[in-house]
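Engineer: Build the 3D model from these lines:
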Amino acid sequence: MAPPTPILTNEQIIREREKVESLRRRNKCQLRSLTQHLCHFEDNREYVCIPFKRVFQQCVGHALEVTEAATNGALKERDE
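Structural biologist: This next block holds a predicted model:
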């Protein structure tokens, strides 16, 4: 059985969106990224490093990783 789903009026949806936007403006969050490298030795004793990106949402007082699976899609394809 599906969980209960709240039914909201148009006015309630607008109020919720305004709350979310207000929080975003107050927190002044910014997206930041960094590149890390995954390194390993190959059979011929060659050291190979592959870069991958991590994305963070930096807000006042905290940062949250928001990297999506598709961000490093090329890296996954290379490994296969």
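
Engineer: So for stretch 39-56, what gets flagged as buried?
Structural biologist: Phe56 (16 or more other C-beta atoms under 10 Å). For glycine as for every other residue, the C-beta is placed from the backbone atoms N, C-alpha and C.

Engineer: what does that stretch contact?
Structural biologist: Applying C-beta atoms under 8 Å, 6 or more residues apart in numbering, the set of residues contacting stretch 39-56 from outside is 31-38, 63-68, 71-72, 75, 78.

Engineer: per-residue confidence averaged over it?
Structural biologist: Mean pLDDT, stretch 39-56: 87.

Engineer: so how far is that stretch from its chain's centroid?
Structural biologist: For stretch 39-56, the separation from the chain centroid amounts to 22 Å (computed by C-alpha atoms, centre = their mean, to the nearest Å).

Engineer: and it, C-alpha only, in CSV?
Structural biologist: Extracted in CSV, the C-alpha atoms of stretch 39-56 (Å, rounded to 0.1, in the frame of the first residue of the first chain):
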residue,chain,number,x,y,z
CYS,A,39,45.5,6.8,-8.7
HIS,A,40,46.7,3.2,-9.1
PHE,A,41,49.6,1.2,-10.6
GLU,A,42,49.2,-0.4,-14.0
ASP,A,43,50.8,-3.8,-14.9
ASN,A,44,53.7,-2.1,-16.5
ARG,A,45,54.6,-0.3,-13.3
GLU,A,46,53.1,2.9,-14.6
TYR,A,47,51.3,5.2,-12.1
VAL,A,48,47.9,6.3,-13.6
CYS,A,49,45.7,9.0,-12.0
ILE,A,50,42.2,9.8,-13.1
PRO,A,51,40.6,13.0,-12.0
PHE,A,52,37.0,13.1,-10.7
LYS,A,53,34.9,16.1,-9.5
ARG,A,54,33.0,16.5,-6.3
VAL,A,55,30.4,19.3,-6.0
PHE,A,56,29.4,21.0,-2.7
